[in-house]
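Q: okay, predicted coordinates and the sequence, questions at the end:
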Amino acid sequence: MAVVELENMSFYAFHGCFEQEQIIGTHFRVDLVFEYNSSVAEESDSIQDAVNYLSVYQTIKELFATPSHLLESLTRRILDTLMQEYPQMEYCKVKVTKLNPPLGGKLYGVCVTLDKKR
């Protein structure tokens, strides 16, 4: 069983409840952890037998193009899509962080983490 992590993926997008967020946008970070049975890929050394990290990244990037009001909704959409498109994933955890959210004070970010197991 392999544990794969795609860390600190960076996106600029227009998610949020406030009109300003939907017009100006802001920076987001995504951390992904997933598990899959990698025994065949370990022996074959072939991308065909593994979960393709580039493909996973592109899936997340495409999902970021559709605006959401809530981080919870965006995170759920990412998690559900990954589990559907990559059936070899046995466990998946997605963390989405909105950097410098407009909460009226100095704050690095606000994040939502969701996970799912088959």
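A: Done, it's in.

Q: surely residue 51 touches residue 90?
A: No - using CB atoms under 8 Å, residue 51 makes no contact with residue 90, being 10.6 Å away. The C-beta positions use only the backbone N, C-alpha and C, and glycine is treated the same way.

Q: where do the contact lists of the two overlap?
A: Contact criterion CB atoms under 8 Å, 6 or more residues apart in numbering; residues shared by residue 51 and residue 90: residue 36.

Q: and the two? Which one has more around it.
A: Ranked by neighbour count (other CB atoms under 10 Å), residue 51 and residue 90 place residue 51 first, with 18 against 14.

Q: now for that one: which residues touch it?
A: 4, 34, 36, 86, 88-89.

Q: in the protein, which spans are strands?
A: Applying DSSP state E to the chain gives strands spanning 2-13, 26-36, 89-99, 109-117.

Q: now do the top helix by length along the chain against strand 89-99, angle only.
A: Identified as the longest helix of the chain according to DSSP state H is helix 71-85. On the basis of axes from the mean of the first three to the mean of the last three CA atoms, to 10 degrees, helix 71-85 is oriented at 150 degrees to strand 89-99.
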